[in-house]
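*Asks:* Only the shape, not the letters, is given here:
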């Protein structure tokens, strides 16, 4: 296929789960033809307005906001503004398209996708959406009948989209996520100061950390770190929670909580080399956002998913169950996490055959080269 230079608008965002796949698609398109011009369209005030420029791309913000389901005065004021913000965003999206003159529009979900792709399809611009999750988001479901192609990461997406438009491509992830090797494991153990003679559990609650995971760890330490004699835990607590965890760990040390095993807990607000943290771990405990699931499959890791309940339409549970149903992961409900999460990991460490089985099955669900496949679909609809 000839990869001619294109003018591409990529819209969406709101969370890292939308932004990082969008950037992967953009990077692949630029790799295929450096003369390709890319404009991002996001929602004002959302994280894409910082992350996208930091990655070297131009972004324009729409004033779009979403409905808030929780009833309070602030949310009521927000919801009263929604129709006006939608109208303003639709008009601005049309103006952006007329000025930029894209060859194609790509939506990755999130607030900004709706007005931009709505305008693009009305103006006859070939359009594609990428749905990261196993349960389609509202924006993408509404756009599905209007676009030419729908790139998905899971089977059974005919429940949400016209079957003839669906292409299973997987989710674009960074190229560093590959099947873990013994050399990578050794490097990861060294990077994070773990004991090579121990087994290792990596607890990661997303880029911002998880209050639930942090609560589980605090309870585990207060109860004496039982079962941690020959096990290291690498714990990503999140920047927002770091000061509180520092104080807690200092107090735990002074009180002698966990005894010698407290030394086996290594915590950090941020993990710079996720690939090495995965490689070091025998077991990963993780939320089940779309990007995390794809990364863990690519790394061939045994994982215990604890889906976040604080997401639209409970899509993290759907993501996790896609693996659980194929014996490629285990799952613990968020509400059961304080009693079960860490103990489930410690028990799994005693079953090396089960760990190997989970690793193999997770690897079978990996969809490498997703960004390339999506790029090929973009070219095919022009």
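*Replies:* Happy to help now that I have it. Owing to the predicted nature of the structure, the values given are computational and were not obtained by experimental measurement. Numbering: from 1, shown residues only.

*Asks:* now stretch 254-263, how far from the centre of its chain.
*Replies:* Distance, stretch centre to chain centre, for stretch 254-263: 34 Å (Cα atoms, centre = their mean, to the nearest Å).

*Asks:* got it, and stretch 24-31?
*Replies:* 18 Å.

*Asks:* Equivalent analysis for stretch 13-28, please.
*Replies:* In terms of Cα atoms, centre = their mean, the centre of stretch 13-28 is found 10 Å from the chain centre.

*Asks:* what's the answer for stretch 356-375, then?
*Replies:* 15 Å.

*Asks:* residues in contact with residue 53?
*Replies:* residue 59 (Cβ atoms under 8 Å, 6 or more residues apart in numbering). Heads up, the C-betas are built off the backbone N, CA and C, glycines and all.

*Asks:* Return the set of buried residues in the strand or helix carrying it.
*Replies:* Following DSSP states H and E, one finds residue 53 within helix 48-54. By 16 or more other Cβ atoms under 10 Å, the buried positions in helix 48-54 come out as 48, 49, 51, 52.

*Asks:* from those residues, which is closest to residue 306?
*Replies:* Using Cβ to Cβ, residue 51 comes nearest to residue 306 of those, at 25.2 Å.

*Asks:* how much space between the nearest residue to the closest one once chain neighbours are set aside and residue 11?
*Replies:* Excluding its sequence neighbours, the residue lying closest to residue 51 (Cβ to Cβ, 6 or more residues apart in numbering) is residue 19, at 5.2 Å. In this view, residue 19 and residue 11 are 11 Å apart by Cβ to Cβ, to the nearest Å.

*Asks:* repeat for residue 207
*Replies:* For residue 207, the distance to residue 11 - Cβ to Cβ - is 22 Å.

*Asks:* When the two are compared, which one has more neighbours?
*Replies:* residue 11 (35 against 19; other Cβ atoms under 10 Å).

*Asks:* picking that back up, was I right to think the residue nearest to residue 51 contacts residue 13?
*Replies:* Yes - taking contacts as Cβ atoms under 8 Å, residue 19 lies within contact range of residue 13: 5.1 Å.

*Asks:* Now for the two: what residues contact both?
*Replies:* Common neighbours of residue 19 and residue 13 (Cβ under 8 Å, 6+ apart) are 47, 48, 52, 108.

*Asks:* and the closest residue in space to residue 129 that isn't next to it in sequence, how many neighbours?
*Replies:* Spatial nearest neighbour of residue 129, excluding adjacent residues (Cβ to Cβ, 6+ apart): residue 107 at 4.4 Å. Number of residues near residue 107 (other Cβ under 10 Å) recorded here: 30.
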